[in-house]
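J.: coordinates only, no sequence provided:
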């Protein structure tokens, strides 16, 4: 099984248009249309669903447990998340938002646990806890 990080947007993007040498890329990696439809119906309000390909360290390890027991992994996840925020700052129009949901492939219909909202103009990620089945709204 694979962990999938879904990204919901209010507009379409051309796949590979946002390819970078950095830690995050928008595209499709593991999911199929059925998986993405399930996420959209269960968790998202945005009409366009993509996946985030985390080439760095997965953002779902950016939490207090990892910070305490594996600070090296926490720091790498934090770096990936900051790269994602930088990408979204350039991608999202001012006043728009996106949604992120993380789960195991095949568990898209499960109820999500924690919900968070962060603002790209005032990143307060030290208090952010990202685990599996976590829903994050990111506003620009």
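T.: Arrived safely. All figures in this text were calculated on a predicted structure; none of them were measured in a lab. Residues are numbered from 1 along each chain as shown.
J.: the most centrally placed residue in the chain pairs with what?
T.: Residue closest to the average C-alpha location in the chain (C-alpha atoms, centre = their mean): residue 100, at 4.0 Å. Listed by DSSP bridges, the beta-bridge partners for residue 100 are residue 7, residue 136.
J.: so who does it touch?
T.: Taking C-beta atoms under 8 Å, 6 or more residues apart in numbering, we find residue 100 in contact with 5-8, 52, 134-138. Every residue, glycine included, has its C-beta placed from N, CA and C.
J.: how near is it to residue 68?
T.: 23 Å (C-beta to C-beta, to the nearest Å).
J.: with residue 3 instead?
T.: 21 Å.
J.: do the same with residue 51
T.: Residue 51 is 29 Å from residue 68, by C-beta to C-beta.
J.: more neighbours: which of those two?
T.: residue 51 (19 against 9; other C-beta atoms under 10 Å).
J.: can you point out the buried residues in the host helix or strand of that one?
T.: Here residue 51 sits within strand 48-54, counting by DSSP states H and E. Residues 49-52, 54 are the ones in strand 48-54 that count as buried (16 or more other C-beta atoms under 10 Å).
J.: tell me what it is packed against?
T.: Applying 3 or more C-beta pairs under 8 Å, 6 or more residues apart in numbering; DSSP states H and E, we find strand 48-54 packed against strand 3-9, strand 24-27, helix 33-42.
J.: dump the ones you listed to a markdown table, plus mean pLDDT, mean neighbour count and distance to residue 126.
T.: Formatted as a markdown table, the helices and strands packed on strand 48-54 follow (pLDDT from 0 to 100; neighbours: other C-beta atoms under 10 Å; distance: least, C-beta to C-beta, whole Å):
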| stretch | mean pLDDT | mean neighbour count | distance to residue 126 |
| --- | --- | --- | --- |
| strand 3-9 | 95 | 22 | 21 |
| strand 24-27 | 84 | 20 | 20 |
| helix 33-42 | 94 | 16 | 27 |
